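Peer 1: return a 3D structure for these sequence lines:
(one chain, ligands or ions: 3)
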Amino acid sequence: MSVAANLGRVLVVGGDGQVGSDLRRRLAACAQVLATTRSGRLADGGECETLDLSDAEAIAPLLRRLRPDHVVNAAAYTAVDRAESEPEPAQAINAIAPGRLAQACAEAGIGLIHFSTDYVFDGRGARPYREDDATAPLNVYGRSKLDGERAIAASGARHLILRTAWVYAATHGQNFLRTMLRVGAQRDELRVVADQRGSPTPTWLLADAVARILERGIVDSGVRHLAAAGETTWHGFAEAIFAEAVARGLLARAPRVTAIATADYPTPAQRPPYSVLDTQCLRNEYALDLPDWREGLRQAFDRGDSG
Ligand SMILES: NC(=O)C1=CN([C@@H]2O[C@H](COP(=O)(O)OP(=O)(O)OC[C@H]3O[C@@H](n4cnc5c(N)ncnc54)[C@H](OP(=O)(O)O)[C@@H]3O)[C@@H](O)[C@H]2O)C=CC1
Ligand SMILES: Cc1cn([C@H]2C[C@H](O)[C@@H](COP(=O)(O)OP(=O)(O)O[C@H]3O[C@@H](C)C(=O)[C@@H](O)[C@H]3O)O2)c(=O)[nH]c1=O
Ligand SMILES: [Mg+2]
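Peer 2: Numbers count the residues shown, from 1 in each chain. Ligands and ions are numbered 1, 2, ... in the order given. Just a heads-up that it's a prediction; the model follows:
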């Protein structure tokens, strides 16, 4: 996907998360990128705007001062298990802050792109989830993200809520791929759940898609599903990660990856057993061509994630 248009001023909230940092790099080619982090600093040493989303009152004044043409919110409380014992910060960052951000966007006539999650579903479905399928989150994180979706929808802002899933980058961020490579280098055997199905989605794909959407302009406000094509289990994803890492010489040899049941890997948060997303709406509206998750994985390694 190539984007030549000048998109004006794009504010990336949460500019140093795994999605936020790839967005900044991707959009730099076609926009004047502004960013916020909690510290006002970027991991690469650069400076940016300071915004702590637990202080929702700080959002509107910041937008009035920066006057961006578009806002992309890539900040979130994403620690799924920790959220079970910390519901307040999860709710503040994933629900209250996005609502305030959307209200401020509505007041200023700015379009907002926001990310949500497959974990809004309970995973009892048997075919890929469509945007209007019933939500029923199983955990605190999923509930807080669903509340965020609702707050944005109620704001009156022109918006797009992109529900995505199983997000990873090869070179940065806390994610399943990087956990597997770290632990896989230390152990001969890993036990990974083989009864949760979804679609691993690389940050480069999300960044490319957002660039395309900004170029076209938000066609119609609402929720849309965005993920790599195809489906696998965490176990299948782990095996593909190790095959790719060994082929590229990033790992001397793959550990044995033993398929286990969710019941044999107890975690504080319950996760949906099936959360494949039907992406047809978004592909049609924005003429997006979404790669299979295996191709997404190869390109994540090839690109070093930076597009
Ligand atoms: N990761 C995944 O598998 C999936 C993610 N999503 C969604 O995609 C979006 C991007 O996620 P991803 O890039 O993976 O998330 P990350 O956890 O990598 O990044 C989230 C960012 O939010 C920032 N943040 C957290 N709390 C605050 C706060 N109080 N004030 C300001 N910033 C804060 C973090 O900053 P700091 O580093 O300082 O904490 C971090 O930079 C989120 O909306 C997420 O819910 C959807 C599906 C799957
Ligand atoms: C590390 C590890 C995890 N697992 C299991 C636990 C869990 O069921 C599954 C994935 O573990 P993780 O903690 O990496 O994944 P998790 O934090 O649940 O990932 C989720 O993050 C949020 C932010 C989202 O929005 C979701 O789309 C999803 O990507 O793999 C194993 O079976 N073996 C292992 O060695
Ligand atoms: Mg996690």
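Peer 1: ranges for the strands of the chain?
Peer 2: For the chain, strands defined by DSSP state E occupy the ranges 9-13, 32-37, 49-50, 70-73, 111-117, 159-164, 167-168, 189-193, 197-198, 201-202, 222-225, 232-233, 256-260.
Peer 1: mean neighbour count, those strands: which tops it?
Peer 2: Of the strands of the chain, the one with the most neighbours on average (mean count of other Cβ atoms under 10 Å) is strand 201-202, at a mean of 29. (Glycine included, C-beta is placed from N, CA and C.)
Peer 1: can you give me how far that one is from the chain middle?
Peer 2: A distance of 8 Å separates the centroid of the chain from that of strand 201-202, by Cα atoms, centre = their mean, to the nearest Å.
Peer 1: got it, and stretch 182-195?
Peer 2: Taking mean C-alpha positions (Cα atoms, centre = their mean), stretch 182-195 and its chain are 24 Å apart.
Peer 1: now the strands of the chain in TSV, with mean pLDDT?
Peer 2: What follows is the strands of the chain, written out as TSV (pLDDT from 0 to 100):
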stretch	mean pLDDT
strand 9-13	98
strand 32-37	97
strand 49-50	96
strand 70-73	98
strand 111-117	98
strand 159-164	98
strand 167-168	98
strand 189-193	97
strand 197-198	98
strand 201-202	98
strand 222-225	98
strand 232-233	98
strand 256-260	98
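Peer 1: JSON lines please, covering these and showing distance to residue 275.
Peer 2: JSON lines is the format used below for those (distance: least, Cβ to Cβ, whole Å):
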{"stretch": "strand 9-13", "distance to residue 275": "25"}
{"stretch": "strand 32-37", "distance to residue 275": "29"}
{"stretch": "strand 49-50", "distance to residue 275": "34"}
{"stretch": "strand 70-73", "distance to residue 275": "21"}
{"stretch": "strand 111-117", "distance to residue 275": "9"}
{"stretch": "strand 159-164", "distance to residue 275": "10"}
{"stretch": "strand 167-168", "distance to residue 275": "13"}
{"stretch": "strand 189-193", "distance to residue 275": "13"}
{"stretch": "strand 197-198", "distance to residue 275": "5"}
{"stretch": "strand 201-202", "distance to residue 275": "11"}
{"stretch": "strand 222-225", "distance to residue 275": "10"}
{"stretch": "strand 232-233", "distance to residue 275": "11"}
{"stretch": "strand 256-260", "distance to residue 275": "18"}
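Peer 1: now render those strands as JSON lines, adding distance to ligand 2.
Peer 2: Compiled in JSON lines, the strands of the chain are given as follows (distance: least, Cβ to the nearest ligand atom, whole Å):
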{"stretch": "strand 9-13", "distance to ligand 2": "17"}
{"stretch": "strand 32-37", "distance to ligand 2": "18"}
{"stretch": "strand 49-50", "distance to ligand 2": "24"}
{"stretch": "strand 70-73", "distance to ligand 2": "14"}
{"stretch": "strand 111-117", "distance to ligand 2": "3"}
{"stretch": "strand 159-164", "distance to ligand 2": "7"}
{"stretch": "strand 167-168", "distance to ligand 2": "6"}
{"stretch": "strand 189-193", "distance to ligand 2": "4"}
{"stretch": "strand 197-198", "distance to ligand 2": "7"}
{"stretch": "strand 201-202", "distance to ligand 2": "8"}
{"stretch": "strand 222-225", "distance to ligand 2": "12"}
{"stretch": "strand 232-233", "distance to ligand 2": "9"}
{"stretch": "strand 256-260", "distance to ligand 2": "6"}
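Peer 1: sweet, I'm off.
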